[in-house]
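Participant: heads up, no residue letters with this:
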């Protein structure tokens, strides 16, 4: 009887395993130079929350700058997260809002630019994003002529 109880408890525990974290980072209005004059941010965010993966994900590293970094980005970034745990940007905890199954946080350009750190051995700066202890990605940025 004990082996059956152990198997049942093991299967039940596996059923309660933590969900994998899903994270997507997008420039507001999917425009690296978006401003209040060029973008209805609230409408964009409402639509983006329906399917955050459908936009240009800054974690993809195919943005046209050095080694795939974003070149001369200057807009706010919205981070969409599925999964539990505190969200940190280069070790700085940020508060998220919840809508449906997604949490999100708007990171103003001035904030992510201040948090960006040189990536050792690379031609860009980066902001590493964690959810709980898990690294979910990094935003890579380069600037210049």
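Facilitator: In hand now; what should we look at? Predicted model, so just to flag it, every value in this text is computed and none were measured. Numbers count the residues shown, from 1 in each chain.
Participant: what lines up beside the longest strand along the chain in the sheet?
Facilitator: Secondary structure of the chain per DSSP state E: the longest strand is strand 134-142. Strand 134-142 has the following strand partners under DSSP bridges: strand 70-71 (parallel), strand 125-131 (antiparallel).
Participant: roughly how far is the last one from the heart of the chain?
Facilitator: Relative to its parent chain, strand 125-131 has a centroid offset of 8 Å by CA atoms, centre = their mean, to the nearest Å.
Participant: hmm, who's touching that strand?
Facilitator: 21, 23, 25, 59, 79, 81, 83-90, 112, 115-119, 135-142 (CB atoms under 8 Å, 6 or more residues apart in numbering). Placement of C-beta: from N, CA and C, glycine included.
Participant: Just the mean pLDDT for that strand, thanks.
Facilitator: On average, the pLDDT along strand 125-131 is 95.
Participant: for the shortest one, same thing?
Facilitator: For strand 70-71, the per-residue pLDDT values average out at 90.
Participant: Please tell me how far it is from the chain's geometric centre.
Facilitator: Distance, centroid of strand 70-71 to centroid of chain: 16 Å (CA atoms, centre = their mean).
Participant: neighbouring contacts of that strand?
Facilitator: Taking CB under 8 Å, 6+ apart as the rule, strand 70-71 contacts 32, 58, 63, 64, 65, 139, 140, 141, 142, 143.
Participant: Let me know which of the strands paired with strand 134-142 is tucked in deepest.
Facilitator: Greatest average neighbour count among these goes to strand 125-131 (a mean of 21), per mean count of other CB atoms under 10 Å.
Participant: What score does the closest residue to residue 107 other than its chain neighbours have for pLDDT?
Facilitator: What sits nearest to residue 107 in space, not counting adjacent residues and going by CB to CB, 6 or more residues apart in numbering, is residue 77, at 4.7 Å. We have a pLDDT of 96 for residue 77.
Participant: Show me how far stretch 77-96 is from its chain's centre.
Facilitator: Per CA atoms, centre = their mean, the centroid offset for stretch 77-96 relative to its chain is 7 Å.
Participant: hmm, who's touching that stretch?
Facilitator: Taking CB under 8 Å, 6+ apart as the rule, stretch 77-96 contacts 18-28, 45, 48-49, 52, 58, 101-107, 109, 111-112, 115-117, 127-134, 136, 139.
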